[in-house]
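Enquirer: Need coordinates for the below:
(one chain, ligands or ions: 1)
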Amino acid sequence: MKATMVLKRDHQTVNGLFRDFERLADDDTLVQRQLVDRIRQELDVHLRVEEELFYPELERVPEAADLVAEARAEHQLVKDLCAEIARLHPTDIDYAAKIEVLRENFDHHVEEEESEIFPLAKKHISGDRLEKIGDQLENRREEILKQIRKTEMA
Ligand SMILES: [Fe+2]
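Expert: Numbers count the residues shown, from 1 in each chain. Next up, the predicted model:
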């Protein structure tokens, strides 16, 4: 699968999780927490593989360099928010608000990538190369998930 498709699929996964979260009852704190943990993990893996494997390719395209620099800065905001949320409990007063801000930041991330960055990638990177990066993204994703599972069991 092409890198842009792999990343789009990740976006859809996270979007679905946010939607599931919104449908939960206010007092379903256990499931809220499980879903938010999953969202944080999906985001962590997604942002890491993008930063490690996809953005470096685009940084070689002069037209895309500014957009990628902006995206990297925005990734940091999402990571900071995830770290804050990890320290909160669903019954905390600002929990729902933080999740909402995380969702807004994520929506913005998706919008910028899918409407600006991916079209530039398709324009400047060959189909074969995008397929190859797509494979690398999938492999790296598996590797990171394995590492996470190992640390969870330790
Ligand atoms: Fe993304």
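Enquirer: Show the contacting residues for residue 3.
Expert: For residue 3, the contacting residues are 53, 54, 57, 121, 130, 131, 133, 134, 136, 137, by C-beta atoms under 8 Å, 6 or more residues apart in numbering. (C-beta placed from N, C-alpha, C; glycine too.)
Enquirer: Let me know the distance separating the closest residue to residue 54 other than its chain neighbours from residue 19.
Expert: Sequence neighbours aside, residue 3 is the residue nearest to residue 54 in space, at 5.6 Å (criterion: C-beta to C-beta, 6 or more residues apart in numbering). As judged by C-beta to C-beta, to the nearest Å, residue 3 and residue 19 stand 25 Å apart.
Enquirer: Going by distance to the ion, which of the contacts of residue 3 wins?
Expert: residue 54 (8.2 Å; C-beta to the ion).
Enquirer: what's the burial count for that closest one?
Expert: 26 (other C-beta atoms under 10 Å).
Enquirer: Spit out the contact partners of it.
Expert: So residue 54 contacts 3, 7, 121, 133, 137 (C-beta under 8 Å, 6+ apart).
Enquirer: Packing partners of the lengthiest helix in the chain?
Expert: When the chain is parsed with DSSP state H, its longest helix is helix 127-153. If you count contacts as 3 or more C-beta pairs under 8 Å, 6 or more residues apart in numbering; DSSP states H and E, helix 127-153 packs onto helix 3-23, helix 29-49.
Enquirer: and the chain, which residues reach the ion?
Expert: Within reach of the ion by C-beta under 5 Å from the ion, the chain has these residues: 7, 113.
Enquirer: Same list (the helices and strands packed on helix 127-153) but as CSV, adding mean pLDDT and distance to residue 82.
Expert: Putting the helices and strands packed on helix 127-153 into CSV (pLDDT from 0 to 100; distance: least, C-beta to C-beta, whole Å) gives the following:
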stretch, mean pLDDT, distance to residue 82
helix 3-23, 97, 12
helix 29-49, 96, 5
